[in-house]
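> Here is my input, please return the structure:
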Amino acid sequence: MNEEQTADTAPRHAAMDQFPVVDNCLQVGGRPLTELAAAGTPFFAYDGAVMKAQVDRLRAAMPGGLHLHYAIKANPMPEVVSHLAALTDGLDVASAGELRAALATGTEPRHISFAGPGKSAEDLELALEAGVIINLESEREMAKVAALAERSGIRPPVAIRVNPDFELKAAGMKMGSGPKPFGVDAERVPAMLGALATLPLEFVGFHIFSGSQNLRPEAIIDAQSQTFDLAFALAEHAPGPVRWLNVGGGLGVPYFPGEQRLDLAPIAARMEALLQSAAERLPGVEVVMELGRYLTAEAGVYVCAVVERKASRGETFLVTDGGLHHHLAASGNFGQVIRKNYPLALGNRVDDGAGEVVNVVGPLCTPLDLLGDTVTLPRADEGDLVVVFQSGAYGYSASPRDFLSHPQPREIFL
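Below is the predicted model:
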């Protein structure tokens with residue numbers, strides 16, 4: 001039993017209160033977890049109402065002039081994409097596959113942007129034909145798009161993705177500052193803008209993304225302020241007006257003990273001032289905040305069933321039919337330096353007392369297949385349902401689902 005579970009003063013997970021509990025059973029999308037599990041485990045379940053509540057929370061907090069885009073990479077399930085396309089102002093994609101999913105929602109191409117280093121010929125051709133904004137990641141990519149435009153007679157809208165000379169401090173993933181494969185180093189952008197002016201491309205603006213998964217308002221405010229300052233400086237070199245500015249996102253969600261939900265109020269207050277400056281210095285500009293996990297993570301659960309209880313040298317192991325091959329992030333093998341537990345529960349017996357300390361593992365022949373390291377749960381038996389919260393982003397599609405050839409998990413949208 002480790003200190004995290006035993007000391008009253010130890011950090012705890014934020015309350016997972018986005019899903020109600022009825023008759024001691026978790027409800028997702030208004031349905032009991034046991035009913036959803038009747039068709040088989042493991043599975044991911046996503047609650048559209050929780051996603052809508054998150055979008056509504058953002059709309060209520062942020063100034064009205066801010067456009068919200070959904071970054072499909074967080075969860076590309078078609079039903080999720082369609083749902084969020086109807087709730088947000090646009091979509092951001094990173095492959096031809098994601099672009100097809102975005103276009104299938106009926107979203108206007110001018111509200112879709114395409115980012116990512118190393119875009120293939122298929123990626124660029126589809127983006128050109130569709131008329132979406134192409135975020136240029138290099139001078140070479142700009143030349144490729146210009147050559148395609150010359151041959152097709154299409155003048156595509158393009159933005160330059162900028163690798164800023166600053167970072168989002170304390171970000172879960174840093175996307176800017178220093179050498180990066182993403183975007184064009186800020187100091188090289190003026191020359192690139194000069195070259196762009198001679199090409200058959202429609203310049204629309206910039207994409208400046210410095211980091212993601214941040215729970216510190218002061219860090220987000222600092223990065224956003226620097227983002228706008230950089231955009232204003234680069235606009236002086238642009239071949240035309242800056243009509244579109246994607247400032248990234250960075251808004252985090254609480255995954256681990258001690259983390260709390262992000263306070264939007266100070267971020268919104270600063271954003272209002274930044275939008276006022278943008279209106280004065282970049283008249284008519286559309287400012288986009290691009291969000292992925294912030295819109296979907298808390299709306300999803302991963303559910304697996306206990307198949308065996310095992311005792312080994314004083315510790316209890318709950319062996320389940322799910323694991324890292326379905327949910328790499330929850331196993332701690334997707335970006336964690338020091339492994340920490342996602343919030344867990346027994347979904348069919350949520351409030352059955354303090355219970356016991358156990359290790360929750362999957363069926364794979366590797367010690368990496370760990371979903372819960374010395375966690376406290378109600379006493380579980382075969383058939384009980386282990387729930388991993390915060391599983392609506394970077395779960396199903398970001399995991400090695402073919403590893404060891406176990407069955408694929410289901411995905412359910414409710």
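
> Regarding this structure, what is its longest strand?
Determined from DSSP state E, the single longest strand within the chain is strand 300-312.

> which residue ranges form the strands in the stretch 201-350 of the chain?
Applying DSSP state E, counting those that start in this stretch to the stretch 201-350 of the chain gives strands spanning 202-208, 211-212, 244-246, 286-291, 300-312, 315-320, 344-346.

> Output the contacting helices and strands for the third one.
Using 3 or more Cβ pairs under 8 Å, 6 or more residues apart in numbering; DSSP states H and E, the elements in contact with strand 244-246 are strand 202-208, strand 286-291. Every C-beta, even on glycine, is put in place using the N, C-alpha and C of the backbone.

> Compute the number of surrounding residues for residue 373.
Neighbours of residue 373 under the rule other Cβ atoms under 10 Å: 15.

> Just confirm it contacts residue 338, I think it does.
No. Shown here, residue 373 and residue 338 do not form a contact pair, counting by Cβ atoms under 8 Å, at 11.2 Å.

> How are the strands of the stretch 1-150 of the chain distributed by residue range?
21-22, 25-28, 31-32, 43-46, 66-71, 90-93, 112-114, 133-136.

> And the longest one, what does it pack against?
With contacts defined as 3+ Cβ pairs under 8 Å, 6+ apart, strand 66-71 has these neighbours: helix 48-61, helix 78-87, strand 90-93, strand 286-291.

> pLDDT at the closest residue in space to residue 238 that isn't next to it in sequence, what is it?
Closest residue to residue 238 apart from its sequence neighbours, by Cβ to Cβ, 6 or more residues apart in numbering: residue 193 at 5.5 Å. You'll see residue 193 listed with a pLDDT of 98.

> domains of this protein?
3-46+300-413, 108-291 (automatic domain parsing).

> Including distance to residue 66, could these go into a markdown table?
Shown next, in a markdown table, are those (distance: least, Cβ to Cβ, whole Å):
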| stretch | distance to residue 66 |
| --- | --- |
| domain 3-46+300-413 | 21 |
| domain 108-291 | 6 |
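
> among those, which is nearest residue 64?
Taking Cβ to Cβ, domain 108-291 is the member of the domains of the chain nearest to residue 64, at 9.0 Å.

> Quick one: end-to-end length of that closest one, please.
Start to finish, the residues bounding domain 108-291 are 18 Å apart (Cα to Cα, to the nearest Å).

> about what we covered before: just the C-alphas of the longest strand of the chain, formatted as CSV.
Only the C-alpha atoms of strand 300-312 are listed here, as CSV (Å, rounded to 0.1, in the frame of the first residue of the first chain):
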residue,chain,number,x,y,z
GLY,A,300,-14.9,9.1,-22.3
VAL,A,301,-14.4,6.0,-20.2
TYR,A,302,-12.5,2.8,-21.0
VAL,A,303,-14.1,-0.3,-19.5
CYS,A,304,-12.6,-3.7,-19.0
ALA,A,305,-13.7,-6.7,-17.0
VAL,A,306,-11.9,-8.6,-14.3
VAL,A,307,-11.1,-12.1,-15.5
GLU,A,308,-9.0,-13.3,-12.5
ARG,A,309,-7.8,-12.3,-9.0
LYS,A,310,-4.3,-13.3,-8.3
ALA,A,311,-2.1,-13.1,-5.2
SER,A,312,1.7,-12.7,-5.5
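
> List the strands paired with it, with their directions.
strand 43-46 (antiparallel), strand 315-320 (antiparallel), strand 385-388 (antiparallel) (DSSP bridges).

> ranking those by burial, who's on top?
Counting by mean count of other Cβ atoms under 10 Å, strand 385-388 has the highest mean neighbour count of these, with a mean of 26.

> Contacts for it, please.
For strand 385-388, contacts defined as Cβ atoms under 8 Å, 6 or more residues apart in numbering pick out 26, 33-34, 37, 41, 301-306, 318, 320, 322, 327, 330, 342-348, 360, 371-372, 377, 380.

> Repeat that for stretch 71-78.
Contacts for stretch 71-78 (Cβ under 8 Å, 6+ apart): 46, 81, 91-94, 97-98, 101-102, 104, 249, 290-293, 295-297, 300, 392-397, 411, 413.

> cool, stretch 134-151 as well?
Contacts of stretch 134-151 from elsewhere in the structure, counted by Cβ under 8 Å, 6+ apart, are 113-119, 121, 124-125, 127-128, 154-161, 182-184, 188, 192, 195-196, 199-201, 207, 246.

> Can you say which of those residues are buried?
For the contacts of stretch 134-151, a burial check counting by 16 or more other Cβ atoms under 10 Å picks out 113-116, 119, 124-125, 127-128, 156-161, 182-184, 192, 196, 199, 201, 207, 246.

> Tell me which of these fall in helices.
Members of the buried ones among the contacts of stretch 134-151 lying in helices (criterion: DSSP state H): 124-125, 127-128, 192, 196.

> What is the nearest of those residues to residue 233?
Using Cβ to Cβ, residue 192 comes nearest to residue 233 of those, at 14.2 Å.
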